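Q: I'd like to go over a predicted model; first the sequence, then the structure.
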Amino acid sequence: MKDEICEAIKNKRLLQFHYDGLVRVVEPHLLGRTTSGKDSLSAYLVRGYTKLDQKPFWRYYPLSEIKNLAVLDEIFIGPREGYNPNDKAMKYIFCRLAA
């Protein structure tokens, strides 16, 4: 799964997956290991559903909770406002979107 996500980040491709029982479509920006030790995706929600309808739609998605991951053919332009390529919530970064 990490390789697929890193490839999607590199090629600016949207991801779709099930998380917390809901379908999400996101712009993946950064994949790393959080300070709590969870491998997680930092992404911007562009379509789908969330139980918290609060903006901005930046979310961390632990990989252990992502189901049915699919890399879509759709691309996104680049980093969203609020993107931090050196996110301090991550103690290790596997891959990230170029700023």
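A: Here it is on my side, so go on. Only a predicted model underlies this, so the values are computations on that prediction, with no experimental measurement involved.
Q: Next, work out how far apart the spatially most central residue of the chain and T34 are.
A: Against the mean C-alpha coordinate of the chain, by C-alpha atoms, centre = their mean, the closest residue is A43 at 3.0 Å. As judged by C-beta to C-beta, to the nearest Å, A43 and T34 stand 14 Å apart. Using the backbone N, CA and C atoms, a C-beta is placed for each residue, glycine as well.
Q: try R96
A: Distance, R96 to T34, using C-beta to C-beta: 14 Å.
Q: In terms of neighbours, single out the busier of these two.
A: The neighbour comparison of R96 against T34 (other C-beta atoms under 10 Å) goes to R96, with 22 against 16.
Q: you'd agree that one is up against A43?
A: No - under the criterion of C-beta atoms under 8 Å, R96 is not in contact with A43, lying 11.5 Å apart.
Q: Quick check: neighbours shared by those two?
A: Between them, R96 and A43 share these contacting residues under C-beta atoms under 8 Å, 6 or more residues apart in numbering: H29.
Q: tell me which element E4 is part of?
A: Applying DSSP states H and E as the criterion places E4 in helix 2-10.
Q: element containing the nearest residue to Y61 once chain neighbours are set aside?
A: Leaving aside its chain neighbours, Y61 sits nearest to L41 (4.5 Å; criterion: C-beta to C-beta, 6 or more residues apart in numbering). Counting by DSSP H and E, the element that carries L41 is strand 39-48.
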